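Undergrad: Need a 3D model of the sequence below.
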Amino acid sequence: MKINIAGIVIIILIIAAVFALKKCNSIENISADLLSFDLNVTEAVDFDKLTSKGLPVIVDYGAEQCIPCKNMAPVLEKLNKEMSGRVYIKFADVWKYPDINKNIYAKIIPYQVFFDKNSKPYEPSMEVLSYVNFITKTDNGKHTFTMHIGELKENQMRMIIKDMEKLEDKIGEIE
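TA: Sure, this is the predicted structure:
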């Protein structure tokens, strides 16, 4: 039996090409999943990519078994459906997917991270600050991060989103 080396090489190249094509498609699907308005994410959020679409972003980091997270779940689901297309609302389960928050350094759940439509950390108005406590970070006088630790109620989430939309209007008026 004569082995056709050229035939084997061609078969191996075809298999490698099919594998590479599937790998590329899965990477595109991951990006598409992140940019969809699906609530749940299963890998680290690329905030640059998510905020590049010109919409406010709220990512809640928690776990399905965590009691405050369970309390927030229906609120996130409701607001995500209601505001799909206006605001990215995402939920990342840090217990199921331990590397999902590798780009965020909080160790207490739930916690939420907020960005405005211009890829900038949300800067809450004084009105919102009177109802919700945020943690912010600044580097060299520049606001670089806004988050909240703990459960947020529906009315608080609505207040934050409304405030984010007002900020967008003000930014639009200035531009």
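
Undergrad: just the helices in this structure please.
TA: Taking DSSP state H as the test, the helices found in the chain are 5-35, 47-51, 67-82, 126-129, 154-174.

Undergrad: Comparing the ones you listed by mean pLDDT, which bottoms out?
TA: If you rank the helices of the chain by mean pLDDT, helix 5-35 sits at the bottom with a mean of 47.

Undergrad: Which positions within stretch 129-138 qualify as buried?
TA: 132, 134 (16 or more other Cβ atoms under 10 Å). (Glycine included, C-beta is placed from N, CA and C.)

Undergrad: now it, how far from the centre of its chain.
TA: The chain centre lies 19 Å from the centre of stretch 129-138; the measure is Cα atoms, centre = their mean, to the nearest Å.

Undergrad: which residues make contact with that stretch from outside it?
TA: Stretch 129-138 is contacted from outside by 114, 121, 123-124, 143-149, 152, 156, 159-160, using Cβ atoms under 8 Å, 6 or more residues apart in numbering.

Undergrad: and what of stretch 141-158?
TA: 58, 68-69, 71-72, 75-76, 78-79, 104, 106, 108, 110-115, 120-124, 131-138, 160.

Undergrad: now the contacts of stretch 129-138: which count as buried?
TA: Looking at the contacts of stretch 129-138 with 16+ other Cβ under 10 Å, the buried ones turn out to be 114, 121, 123-124, 145-148, 152, 159-160.

Undergrad: Of those residues, which pair is most distant in space?
TA: Largest separation among the buried ones among the contacts of stretch 129-138 by Cβ to Cβ: Phe145 and Met159, giving 20.1 Å.

Undergrad: Near Gly62, how many other residues are there?
TA: By other Cβ atoms under 10 Å, 23 other residues sit near Gly62.

Undergrad: In this structure it contacts Cys69, no?
TA: Yes. Contact status for Gly62 versus Cys69: in contact at 3.3 Å, counting by Cβ atoms under 8 Å.

Undergrad: shared neighbours of the two, anything?
TA: With Cβ under 8 Å, 6+ apart as the test, Gly62 and Cys69 both reach 109-110.

Undergrad: Sweet, I'm off.
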